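Participant: the following comprises the amino acid sequence and a computationally predicted model.
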Amino acid sequence: MRRDTLRAAAAEALPQGAFLRRDRGDALFVSDAPRLASVAALARTLARAGFRCEASGGLIRLWPDALWLARMEAERPDPPDDLCAGLMRFRGLRPEAESLALFTLGARALDGADEAERFERALRRRAAECLRLNAMDPNPSPRGGGLYACALLAHDIKEE
């Protein structure tokens, strides 16, 4: 994924004249779009663009949703590095909340935030945890959905 992919998709979904900045909290972006359009209309438009949102205090915060993870996995079925190859077993699984939060952290790093090391450490820790949990409890719905997309994102961060 290119550095500006998520930012461009979010900006396109917002009304003209709304600002879009990297969020200082756990979201990817924040915008003042509610001053230009209803929150309900914004939520529908952003959902179509692949973002989950939450409005508060005249602002709307955006997080990438499972659409982005599925898109990355579908576009890149061949792992570009060893980490991706090791996490390919999680490809196609429904992303868990932990993976969505991890993907957001990685997207923040790709967007220029100084969080690349924190993202990779968290990714490796979560992957180890899921591998361990799946080995101990081989149930029909394994844990770790979304980790392959996160590994692809880690690769892209290194490439930037």
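Facilitator: Now that the structure is in, tell me what you want to look at. Just so it is clear, the structure is predicted and the values come from calculations on it, not from any experiment. Numbers count the residues shown, from 1 in each chain.
Participant: which helices and strands sit right next to the least confident helix or strand in the chain by mean pLDDT?
Facilitator: In the chain, the helix or strand scored least confidently by mean pLDDT, DSSP states H and E is helix 116-136, which has a mean of 94. Helices and strands touching helix 116-136, by 3 or more C-beta pairs under 8 Å, 6 or more residues apart in numbering; DSSP states H and E, are helix 82-87, helix 97-110, helix 147-159. The way it works is simple: take the backbone N, C-alpha and C, and place the C-beta from them, glycine included.
Participant: quick check: buried residues in stretch 100-108?
Facilitator: Buried residues in stretch 100-108, defined by neighbour count with 16 or more other C-beta atoms under 10 Å: 100, 102-108.
Participant: could you give me the average pLDDT of that stretch?
Facilitator: Stretch 100-108 carries an average pLDDT of 97.
Participant: what sits up against it?
Facilitator: With contact meaning C-beta atoms under 8 Å, 6 or more residues apart in numbering, stretch 100-108 is reached by 6, 22-23, 26-28, 63-66, 68-69, 95, 115, 118-119, 122-123, 126, 146-147, 149-150, 153-154, 157.
Participant: now the buried members of the residues you listed.
Facilitator: When those are checked for burial by 16+ other C-beta under 10 Å, the buried set is 6, 23, 27-28, 63-66, 68-69, 95, 115, 119, 122-123, 126, 146-147, 149-150, 153-154, 157.
Participant: if I look at the residue nearest the centre of the chain, how far off is residue 88?
Facilitator: The centre of the chain sits closest to residue 103, judged by C-alpha atoms, centre = their mean, with a distance of 3.3 Å. In this view, residue 103 and residue 88 are 16 Å apart by C-beta to C-beta, to the nearest Å.
Participant: my read is that residue 133 contacts residue 143, right?
Facilitator: Yes: judged on C-beta atoms under 8 Å, residue 133 makes contact with residue 143 at a distance of 5.2 Å.
Participant: switch the buried residues of stretch 100-108 over to TSV; also include distance to residue 10.
Facilitator: Listed next are the buried residues of stretch 100-108 as TSV, based on distance: C-beta to C-beta, whole Å:
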residue	distance to residue 10
100	16
102	19
103	14
104	12
105	16
106	16
107	10
108	13
